[in-house]
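J.: Give me a model of this one.
(one chain, ligands or ions: 1)
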Amino acid sequence: MLKKRKYLFILIVAASLISCKQPKQEEQAENLDQKVAATLKLASIQYAYLGSRTPLGRFPKAYDEKTDSLETSDSGWWCSGFYPGTLLYLNEADPNPEFKQQAYTALGSLENEQFNKTTHDLGFMMFCSFGNANRLEPKPSYDTILLNSAKSLSTRYNAKAKSIQSWDSAPWNKAEADQMPVIIDNMMNLELLFWATKFSGDSTFYKIAVDHANTTMKNHYRDDFSSFHVVIYDKKSGAMVKQITNQGAADSSAWARGQAWGLYGFVVMYRETKDKKYLQQAENIADFILNHPNLPEDKIPYWDFNASNIPDALHDSSAAAIIASALLELSTLSEENKAARYRKDGEIMLDNLLTPFYLASPKTNGGFLLMHGVGNMPKQTEVDTPLSYGDYYLVEALLRYKKLHGR
Ligand code: GLY
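T.: Coordinates of the predicted model:
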């Protein structure tokens, strides 16, 4: 009898604990739902304001709060696709003819970059912009632009190194004309190549993307699945010369946005090829990030996981936005036991980005959404500022969140 009562007591306590927990979880989900909806409304205000400040033919890049000046670029800067891309995402979330028109105008100014063979950033520039435009409203003219962009990007492939060359200049050693740098960021340009093979039936693009990703797995990644920023190859032999950094704290460090680009890139690799080794790679990178002792409690990474002044180092909101968006997609590809964690941590990042510390109030921050991005700390450029790519991947993550929750 006593035993039965004891079990009954335990059952009642357990049931009440579960019932206490349930509403709390639902409450959190409801809160994030509300925050996502409110942020999309805020984005309409911000991007109308940003548009009003952006001169025709220019592309928003960053913002200096002290002088209230918007930094813009021409179409050749690697970030030029993010502004039209963000407008297209916002129009997708809530049809807005003005944003659509603004996006089309920006696309017009960007079009010529399809022939640009001096940069590896054509995926960022052309796929985030024309790729989204074509996905939403397919047009033969977009197909042509995207295919030309993929062809231009492919000219940078070096068959010896089995990699796409990133930059043309070699600031670390100008004398080494026979060397080529490949940066981890370059993983983000491969999606354009997959599109090109699907569209044209020419498998060359697909093969270049796979070669590039395989070489990156081999030479950019350390045993703990953190990534070097830059790998230098000998152009003639294809041999790896050295592994260094340009934007990180040290050659041996884990620059936060580099880890974000790699994670996102290998998620795309698995989506496009269904080769399990890329899923494994994406999960290993995600685990490196999420289990890192220097990942702060709010899960918004410091600009470098090995910055010397942690915990006083600046956080990089752009890295968090990219990681959150990648984790939300990864959660749809991984096995359920892992997927739940990726989704939960992606949503925690999102939840923390949508707080007043990171998210601008209406008509502040030059019109951008996110504050506190870190562009290039070693060069002291774009430090603690909004960044067009932070906003792009944030809005993408908001849309992914809504889709995952059937909203
Ligand atoms: N692709 C340059 C950067 O992430 O800053």
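J.: What residues does the residue of the chain found nearest the ligand make contact with?
T.: As assessed by Cβ to the nearest ligand atom, the ligand sits closest to residue 185 within the chain, at 3.9 Å. Placement of C-beta: from N, CA and C, glycine included. Neighbouring residues of residue 185 by Cβ atoms under 8 Å, 6 or more residues apart in numbering: 121, 166, 257-258, 261.
J.: repeat for residue 46
T.: 360, 362-363, 365, 367-369.
J.: Adding secondary structure and distance to residue 73 as columns, could you present these in a markdown table?
T.: Converted to a markdown table, these look like this (DSSP: H, G, I helix; E, B strand; the rest coil; distance: Cβ to Cβ, whole Å):
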| residue | secondary structure | distance to residue 73 |
| --- | --- | --- |
| 360 | coil | 20 |
| 362 | coil | 25 |
| 363 | coil | 22 |
| 365 | helix | 18 |
| 367 | helix | 15 |
| 368 | coil | 14 |
| 369 | coil | 18 |
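J.: Of those, grab the buried ones for ChimeraX.
T.: Buried residues among the contacts of residue 46 (16 or more other Cβ atoms under 10 Å), as a ChimeraX selection:
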select :360,365,367,368,369
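J.: Counting neighbours, what do you get for residue 95?
T.: 9 (other Cβ atoms under 10 Å).
J.: Report the contact partners of it.
T.: Taking Cβ under 8 Å, 6+ apart, one finds nothing in contact with residue 95.
J.: Now do the SS call for it.
T.: Of the three states, residue 95 takes coil according to DSSP: H, G, I helix; E, B strand; the rest coil.
J.: Quick one, grab the pLDDT at it.
T.: Per-residue pLDDT puts residue 95 at 97.
J.: Distance check, it against residue 137.
T.: 12 Å (Cβ to Cβ, to the nearest Å).
J.: Also residue 114?
T.: 18 Å.
J.: Between the two, which has more neighbouring residues?
T.: Remark: of residue 114 and residue 137, residue 114 carries more neighbours, 20 against 10, as counted by other Cβ under 10 Å.
J.: Which secondary structure element is home to the closest residue to that one other than its chain neighbours?
T.: Counting by Cβ to Cβ, 6 or more residues apart in numbering, the nearest residue to residue 114 once its immediate chain neighbours are dropped is residue 148, at 4.0 Å. Assessed by DSSP states H and E, residue 148 sits inside helix 140-154.
J.: starting at the chain centroid, how far to that helix?
T.: 22 Å (Cα atoms, centre = their mean, to the nearest Å).
J.: May I have it as PDB, with CA atoms only?
T.: Output of helix 140-154 as PDB, limited to C-alpha atoms (Å, rounded to 0.1, in the frame of the first residue of the first chain):
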ATOM      1  CA  PRO A 140      14.800  33.100 -70.100                       C
ATOM      2  CA  SER A 141      16.800  36.300 -69.700                       C
ATOM      3  CA  TYR A 142      17.700  35.200 -66.100                       C
ATOM      4  CA  ASP A 143      18.700  31.700 -67.300                       C
ATOM      5  CA  THR A 144      21.100  33.400 -69.800                       C
ATOM      6  CA  ILE A 145      22.600  35.600 -67.100                       C
ATOM      7  CA  LEU A 146      23.000  32.800 -64.700                       C
ATOM      8  CA  LEU A 147      24.500  30.500 -67.200                       C
ATOM      9  CA  ASN A 148      27.000  33.200 -68.300                       C
ATOM     10  CA  SER A 149      27.900  33.800 -64.700                       C
ATOM     11  CA  ALA A 150      28.500  30.100 -64.200                       C
ATOM     12  CA  LYS A 151      30.700  30.000 -67.300                       C
ATOM     13  CA  SER A 152      32.700  33.100 -66.000                       C
ATOM     14  CA  LEU A 153      33.100  31.400 -62.600                       C
ATOM     15  CA  SER A 154      34.300  28.200 -64.200                       C
END
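J.: Just checking: what are the partner strands of the helix or strand that comes right after that helix?
T.: Going down the chain from helix 140-154, the next helix or strand is strand 157-158, by DSSP H and E. With DSSP bridges as the test, strand 157-158 is paired with strand 163-164 (antiparallel).
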